[in-house]
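*Asks:* The amino acid sequence is not available; the structure is as follows:
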């Protein structure tokens, strides 16, 4: 794990350097620094735990792209927290968040071209996406209300529900619609939370993001439930077919019936 530790240390150093640049250029305050450093520690711990569970000794080429994106997300997190505490304006947040969103399309391509796709990389990419959406929903909620937090919390609610309903952990078929909806969340939330749109337009954009996400999650939940029911039906043992029974009657009974049958006209 030595190589992984060095890579994580380099990532942590880059994160602190980015926070320093933000402090020098836009005046990142104490709240932003605290959020950025807490994010750095959390990223280190979660990535180390996931790599240990996956048995990975180092990060692959695509994972380095995801790590770069995670560092940018740390900068976005620091800027959002500082802004909510009356600090820096949002001017620099839009390009930083946009770059993090753009890199989301790069790590997957790098993984496929280099043949380095892995469960660790997929999980790292997914968790980075989810946390960025959560941070951006917090930013948009300041303007449009706390209901916007449902966008950022939906994925975590799905994970929590899977602890009680294990069938939610089932594998889903590939879906282009799911990918499009996931990609749109960040774009729409950046547009809504940046303050660049008129309030009615920003509200409409945010509602569109929530509606599309509810549709996407709802469709996947219904598919997983149907797959679970089909699996249970296939695993259920077939009902037993009763065997035909042959009743043996005493000979005296048979004689009596024949005698009675002949007496009737």
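*Replies:* Right, received. Where do you want to start? Note that the structure is predicted; figures quoted are calculated from it, not measured.

*Asks:* residue ranges of the strands in the stretch 1-150 of the chain, please?
*Replies:* Shown for the stretch 1-150 of the chain, no strands are assigned by DSSP state E, counting those that start in this stretch.

*Asks:* pLDDT weak spots in it?
*Replies:* Across the stretch 1-150 of the chain, the ranges flagged by pLDDT under 70 are 1-2.

*Asks:* Kindly report the same for the stretch 151-265 of the chain.
*Replies:* Ranges of the stretch 151-265 of the chain meeting pLDDT under 70: 238-265.

*Asks:* What are the boundaries of the helices in it?
*Replies:* 176-193, 199-235, 251-263 (DSSP state H, counting those that start in this stretch).

*Asks:* Tell me which of those helices is the most buried.
*Replies:* helix 176-193 (a mean of 19; mean count of other C-beta atoms under 10 Å). Where you see a C-beta, it was placed from the backbone N, CA and C, and this is true even at glycine.

*Asks:* what's the angle between that one and helix 199-235?
*Replies:* 150 degrees (axes from the mean of the first three to the mean of the last three C-alpha atoms, to 10 degrees).

*Asks:* who touches helix 176-193?
*Replies:* The contact list for helix 176-193, computed with C-beta atoms under 8 Å, 6 or more residues apart in numbering, reads 90, 94, 97-98, 100-101, 104-105, 129, 132-133, 136-137, 139-140, 142-144, 151, 172, 197, 202-203, 205-206, 208-209, 212-213, 215-216, 219-220.

*Asks:* and residue 165, which of the helices of the stretch 151-265 of the chain is closest to it?
*Replies:* helix 199-235 (8.7 Å; C-beta to C-beta).

*Asks:* I'd like to know which of the helices of the stretch 151-265 of the chain lies nearest to residue 51.
*Replies:* The closest of the helices of the stretch 151-265 of the chain to residue 51 is helix 176-193. By C-beta to C-beta, the value is 23.9 Å.

*Asks:* hang on, the earlier thing: next, format the helices of the stretch 151-265 of the chain as TSV and append distance to residue 110.
*Replies:* Converted to TSV, the helices of the stretch 151-265 of the chain look like this (distance: least, C-beta to C-beta, whole Å):
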stretch	distance to residue 110
helix 176-193	17
helix 199-235	25
helix 251-263	87
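
*Asks:* of the ones you listed, which approaches residue 43 most closely?
*Replies:* helix 176-193 (18.2 Å).

*Asks:* Can you get me the centre-to-centre distance for that closest one and its chain?
*Replies:* Distance of helix 176-193 from the chain centroid (C-alpha atoms, centre = their mean, to the nearest Å) equals 13 Å.

*Asks:* and if you look at stretch 137-147?
*Replies:* That offset, for stretch 137-147, works out to 20 Å (C-alpha atoms, centre = their mean).

*Asks:* buried set for it?
*Replies:* Under the neighbour-count criterion of 16 or more other C-beta atoms under 10 Å, stretch 137-147 has 137-141, 144 buried.

*Asks:* I'm done for today, thanks for sticking with me.
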